[in-house]
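*Asks:* here you go, sequence then predicted model.
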Amino acid sequence: MVGTLTTPEAIPGFPEFGHIPFEGLHNTRDLGGLPAADGRRIKPALLLRSGALHKATEEDLARLLADYHLEGVVDFRTELERDKEPDPRELMEGVVFYDLPALAGETMGITHGAGLAKDMKALEAVSAQPHEMVKKMYPRILLGDAGRVAYRSLLNVLLESDGGAVLWHCSEGKDRAGLGAVVVERALGVPEPDVRADYLATNLFARTRAEGILDALAAKLPALRGLDADIDSFFYAYADYYDAAMDAVGDAFGTFDAYLAEALDFGPEKQAALRAKYLH
């Protein structure tokens, strides 16, 4: 069963959920402007979330370097995904790349939607309930060993940055990158309703991408026509995905602050340092 698809209410002072209108990147967003701890807001042009960068145009990459002074890219994809659709590192001179898979390799096929149109074996491996499969994956992302290492490392990269922007991404910018944004935002004291709204904001920018994948699948195998709901499970941010992750954290740690401190070794002292660096 597919959950209800929702779009979030606007957040005052955070227009368009920070969406950056690039040519080749459909879901790249700047967290700058989000309300955070102590009545402050996240500084602009420093914290960027995105889908994979392989479809970025040269103009997109030039903007990231010139307008955002991009200094680091954290890639949450598996090695197989990176090899299949590598980031354009040769066009991003001076940027440091961090390969930090947030899921073990055997789970890759669930979120690697871009490969579905090219690899029918991946589609055959999906059960009759793709929505439930993705929902069950969310707790694994936050609580699994790979995810803990990836998100702990992301926070440390942000603490150690030299003042330029850091961008983190997965394939679509929804699951692994989306939960990465949840981790960063909670560490910065963004109110939980706004964290949730920012997660759901992917739904404002994903439609064209999802329709394109569906069209490619239908063209390859006409019997797949009408699988909109199944494809939607891969490309949209559903509230029950987010809720499953938060419920799992609550069951395991009690609070998200405890998760930050115990699972990610990012307690109050490090949170204060991160806030001093990224809030104003």
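*Replies:* Structure received. Residues are numbered from 1 along each chain as shown.
*Asks:* show me where pLDDT drops low in the stretch 1-150 of the chain?
*Replies:* 1-3, 106-128 (pLDDT under 70).
*Asks:* spatially central residue for this structure, please.
*Replies:* Taking Cα atoms, centre = their mean as the criterion, residue 177 is the residue nearest the geometric centre of the chain, at 1.7 Å.
*Asks:* list the helices and strands the helix or strand hosting it packs on?
*Replies:* Residue 177 belongs to helix 176-187 when assigned by DSSP states H and E. Where contact means 3 or more Cβ pairs under 8 Å, 6 or more residues apart in numbering; DSSP states H and E, helix 176-187 is packed against strand 47-50, helix 130-143, helix 145-160, strand 165-169, helix 192-200, helix 239-253, helix 268-278. From N, CA and C alone the C-beta is placed, and that goes for glycine too.
*Asks:* let's see the third one as PDB, backbone CA atoms only.
*Replies:* It stands for helix 145-160. What follows is helix 145-160, C-alpha atoms only, in PDB (Å, rounded to 0.1, in the frame of the first residue of the first chain):
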ATOM      1  CA  ASP A 145      26.500   0.900  10.900                       C
ATOM      2  CA  ALA A 146      27.000   2.500   7.500                       C
ATOM      3  CA  GLY A 147      24.600   5.300   8.100                       C
ATOM      4  CA  ARG A 148      26.100   6.100  11.500                       C
ATOM      5  CA  VAL A 149      29.500   6.400  10.000                       C
ATOM      6  CA  ALA A 150      28.200   8.400   7.100                       C
ATOM      7  CA  TYR A 151      26.300  11.000   9.200                       C
ATOM      8  CA  ARG A 152      28.900  11.200  11.900                       C
ATOM      9  CA  SER A 153      31.400  12.000   9.200                       C
ATOM     10  CA  LEU A 154      29.100  14.500   7.500                       C
ATOM     11  CA  LEU A 155      28.800  16.500  10.800                       C
ATOM     12  CA  ASN A 156      32.600  16.400  11.300                       C
ATOM     13  CA  VAL A 157      33.200  17.600   7.700                       C
ATOM     14  CA  LEU A 158      30.900  20.500   8.400                       C
ATOM     15  CA  LEU A 159      32.700  21.300  11.600                       C
ATOM     16  CA  GLU A 160      36.100  21.300   9.900                       C
END
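*Asks:* residues of it that come out buried?
*Replies:* Neighbour counts over helix 145-160 (16 or more other Cβ atoms under 10 Å) mark 146-148, 150-158 as buried.
*Asks:* and that helix, what other elements does it pack with?
*Replies:* Counting by 3+ Cβ pairs under 8 Å, 6+ apart, helix 145-160 packs on strand 70-75, strand 96-99, helix 130-143, strand 165-169, helix 176-187, helix 268-278.
*Asks:* how close does residue 160 sit to residue 149?
*Replies:* Distance, residue 160 to residue 149, using Cβ to Cβ, to the nearest Å: 16 Å.
*Asks:* right, and the residue nearest to the centre of the chain touches residue 50 too?
*Replies:* Yes - between residue 177 and residue 50 there is a contact under Cβ atoms under 8 Å: 6.6 Å.
*Asks:* shared neighbours of the two, anything?
*Replies:* 168-169 (Cβ atoms under 8 Å, 6 or more residues apart in numbering).
*Asks:* for the residue lying closest to the residue nearest to the centre of the chain once chain neighbours are set aside, report the pLDDT, please.
*Replies:* Excluding the flanking residues, the one nearest residue 177 by Cβ to Cβ, 6 or more residues apart in numbering is residue 170, at 4.5 Å. pLDDT, the model's per-residue confidence, is 96 for residue 170.
*Asks:* same question for residue 230.
*Replies:* At residue 230, the pLDDT recorded in the model is 64.
*Asks:* picking that back up, state the distance from the residue nearest to the centre of the chain to residue 51.
*Replies:* Where residue 51 is concerned, residue 177 sits at a distance of 7 Å (Cβ to Cβ).
*Asks:* cool, thanks, talk later.
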